[in-house]
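S.K.: Next input, structure requested:
(2 chains)
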Amino acid sequence: MSEILAQLFQGFTVALDPINIFAVVVGGIMGVIVGGLPGLGSVAGVALLLPLTFKMNPTTAVIMLAGIYYGNMFGGSISAILLNIPGDSPAVMTAVDGYQLARQGKAGKALYTAFFASFIGGMIGAVILTFLGPALAFVGLRFGPAEFTSLILFALMSVGWLLGENPAKGIIATGIGLLLSTIGVDMIQGLPRFTFGMVNLTAGIPFIPTVIGIFGFAQVLKLLSAGYEIGQTTMVTARLSIRDSLLSIKEWAEVSFTIVRGSLIGFFVGLLPGSGATMASFMAYIAEMRLNKHPERLGKGALAGVAAPESANNAASMGAFAPLLSLGIPGSGTTALLLGGLMMWGLAPGPLLFKEAPEFVWGLMASMYVGDIAVLLLCVLLVPFLAYIPRVPKAILAPTTIALCILGSFSVNNSIFDIWFMVFMGVVGYFMDRLQFPTPPLVLALVLAPRLQTAFRQALMISPNGSPMIFITKPISLAFLLAAIVMVALPVLIKKKKDSPSA
Amino acid sequence: MKVREDFISSLIGLGLGLYWVVMGIIYGFWEETGPASGFTPVIFGLIVTISSVALFWQSLRSKKDKKQIITKRELLGLFKICLAVCLIIFCIPRLGTFTSLGLLLVMGIKVISSSYTWLMAICTGAGITVVLYLVFKVWLMVPLPQGLIGF
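M.R.: As a prediction, the model looks like this:
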């Protein structure tokens, strides 16, 4: 412990070097802006700026790129809350409650909750990474196909909490998400499935345009189509002021446990290779629906519904650094890019990195604390400027949102097809909303199903004779399966107990 | 004409689910080495099929669900917006991204609110277009289509 603290102290001497502070602040600002723009996630942000860092000192360069990564997690919530367009996929769940809060005139509270939850999530993630990261990275390695399948099944079993008033409609929405996830070339056998002869669908449906369509474009369609309840008003009408936006002590008490839970879940999911911040934010939201004292408020504008995914996605971005630095295995798309950068600068991530380049590793870790504080300050200062967005008249806001939806959808793959697909999913999202089909289960299924399909089939392929016993014989897998059964059975048992005459 | 929306949505779900099941079987459900390409589509298709049957049954039994959720006027409004957006997307590779988006913004502002004069709509639309150009084209260097006009 004392050795780690001494190394962290050394790291702070590197991180607090003026050039490194400048790098993390610039990276953080860029991350917030790129994160706030629909379609351009942290992968695009890091990729765009990677060439600019070639001539920098490796430590300064990675500190700057890491700043973009977690600044992006902060920024994604801004457009999700104010426009119902998630800036990046990890902010999808933030839009669910965040936009409802904005419509209720509580956009400021939603933004502050998102920023502070992101900050605390990032801090908790950085502390765990500092003290336990290298050891926990090996836990991530114990997750093979069987363990992943059971983990995702466990998450999907929890989908019941997102289904809404009519379970049949909720299951159909989940099922449509599952069906859409099968579109594209089968990753194991290379066979194109459900592509309808379209080359653009061979890589699967474009996720970000789908999300922009279902959330953002569908919202504009609802706003502009005649006779709908909000058709005659602006998207968000309330004013924002710092004083009205700050959370009360009671509200802090409500979200504090949520933030801690979200951070721990987010960090753990971030550790798992291939999971990333999107899955983390979904898992945290699902856990909140299960553990929150007022689950009925979630989805209708609850602060906890903003705090859970935001704390989780920031903690996950920290968690993803553990396998990257300790084992050289990237946990997400952005850390894969950072891995490329590290190798380019002659640094070989893995167990030896801590011994061979301690000033780099500990400087980077210390910069996470510095960067988290810097980005929080920046975001808090931004709120008065963001306050103008909800006051923009509908006549300007609606066409601007459509323009952002178009630009955001194109920017992911530089493809016109993605814009058409966004419009198509917008219409689907519009009808789903009007016919009272919940959209979050569809997006949840889209996030989880591709990993589930691959892991499930891989597990059966490595199991002797394709036996499903592999899911029971592996202890971690068995634990998740049992937890999934408990998750399904518990509400039924509780209801039975309540309904029994003796109760 | 009053329409039972749940009845229609359950039929759409049923059609989609069955299509996925049939295609999954054609792709192959199981082979010697384990599950084949059609394995998960069949399972997912069955989930949608069964839940659609449940919704279909619900819609047949429901007595209260007689009111129309989406009106013809609303559908017409939706059609007009989608048509306008599709025209703009069609124009993007031909006229250029920012020329098309500029048109969308100016026309959108003018059509949604008659309180804006043409001059106000043009100035506001052009201002937003320039900001979007500076962010997406100049700063982030997204290779957006330039079209005939080059903007």
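S.K.: so what's whichever residue of chain B sits closest to chain A up against?
M.R.: Residue of chain B nearest chain A, by CB to the nearest CB: B:G108 (3.0 Å). (Glycine included, C-beta is placed from N, CA and C.) Contact partners of B:G108, counting by CB atoms under 8 Å, 6 or more residues apart in numbering or on different chains, are A:395, A:398-399, A:402, B:84, B:125.
S.K.: at 7 Å instead, please
M.R.: Counting by CB atoms under 7 Å, 6 or more residues apart in numbering or on different chains, B:G108 makes contact with A:398-399.
S.K.: any idea which element it lies in?
M.R.: Using DSSP states H and E, B:G108 falls within helix B:97-112.
S.K.: got it, and A:D372?
M.R.: helix A:358-386.
S.K.: quick one: that helix to chain centroid distance?
M.R.: The chain centroid and the centroid of helix A:358-386 are separated by 19 Å, computed with CA atoms, centre = their mean, to the nearest Å.
S.K.: go on, stretch A:416-423?
M.R.: The chain centre lies 23 Å from the centre of stretch A:416-423; the measure is CA atoms, centre = their mean.
S.K.: Same question for stretch A:424-435.
M.R.: 23 Å.
S.K.: again with stretch B:139-149
M.R.: Put simply, stretch B:139-149 sits 24 Å off its chain's centre (CA atoms, centre = their mean).
S.K.: likewise stretch A:148-155?
M.R.: 18 Å.
S.K.: average model confidence for that stretch?
M.R.: For stretch A:148-155, the mean pLDDT works out to 82.
S.K.: any residues touching that stretch, and which ones?
M.R.: Residues contacting stretch A:148-155 (CB under 7 Å, 6+ apart): A:283, A:286, A:448, A:451-452, A:455-456, A:459, A:471, A:477, A:480-481, A:483-484, A:487.
S.K.: Which ones, among these, also lie beside chain B?
M.R.: Applying CB under 7 Å from any CB of the partner chain to the contacts of stretch A:148-155, one finds that nothing falls near chain B.
S.K.: Quick check: the farthest pair among those?
M.R.: Spatial extent of the contacts of stretch A:148-155 (CB to CB) is set by the pair A:I286 and A:A459 at 22.3 Å.
S.K.: Mind jotting down where the strands sit in chain B?
M.R.: In chain B, the strands defined using DSSP state E lie at B:30-31, B:34-35.
S.K.: Identify, out of these, the most deeply packed stretch.
M.R.: Of those, the one with the most neighbours on average (mean count of other CB atoms under 10 Å in any protein chain shown) is strand B:34-35, at a mean of 21.
S.K.: partner strands of that strand, parallel or antiparallel?
M.R.: Note on strand B:34-35: by DSSP bridges, its sheet partners are strand B:30-31 (antiparallel).
S.K.: Now the strand it pairs with: average pLDDT?
M.R.: Here strand B:30-31 scores 84 as its mean pLDDT.
S.K.: Okay, A:K394 and A:Q219: tell me how far apart.
M.R.: With distances taken as CB to CB, to the nearest Å, A:K394 is found 12 Å from A:Q219.
S.K.: repeat for A:G108
M.R.: From A:G108 to A:Q219 the distance is 20 Å (CB to CB).
S.K.: Now A:S248: phi and psi?
M.R.: Dihedral angles phi and psi of A:S248 (degrees, to the nearest 10) take the values phi -80, psi 170.
S.K.: For it, report the pLDDT, please.
M.R.: pLDDT, A:S248: 86.
S.K.: Same question for the one 10 residues further on.
M.R.: In the prediction, the pLDDT value recorded for A:T258 is 93.
S.K.: ok now the strand or helix carrying it, how far from the chain's centre?
M.R.: Assigned by DSSP H and E, A:T258 belongs to helix A:249-271. Remark: helix A:249-271 is offset 14 Å from the chain centroid, using CA atoms, centre = their mean.
S.K.: and what of stretch A:69-88?
M.R.: 10 Å.
S.K.: mind listing the helices for chain B?
M.R.: B:5-27, B:39-61, B:72-95, B:97-112, B:118-132 (DSSP state H).
S.K.: Let's have those helices in CSV, adding mean pLDDT.
M.R.: Listed next are these as CSV, based on pLDDT from 0 to 100:
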stretch, mean pLDDT
helix B:5-27, 92
helix B:39-61, 91
helix B:72-95, 91
helix B:97-112, 93
helix B:118-132, 94
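S.K.: Can you name the residues that contact the closest residue to A:T210 other than its chain neighbours?
M.R.: Closest residue to A:T210 apart from its sequence neighbours, by CB to CB, 6 or more residues apart in numbering or on different chains: A:M425 at 4.8 Å. A:M425 is in contact with A:209-210, A:213-214, counting by CB under 7 Å, 6+ apart.
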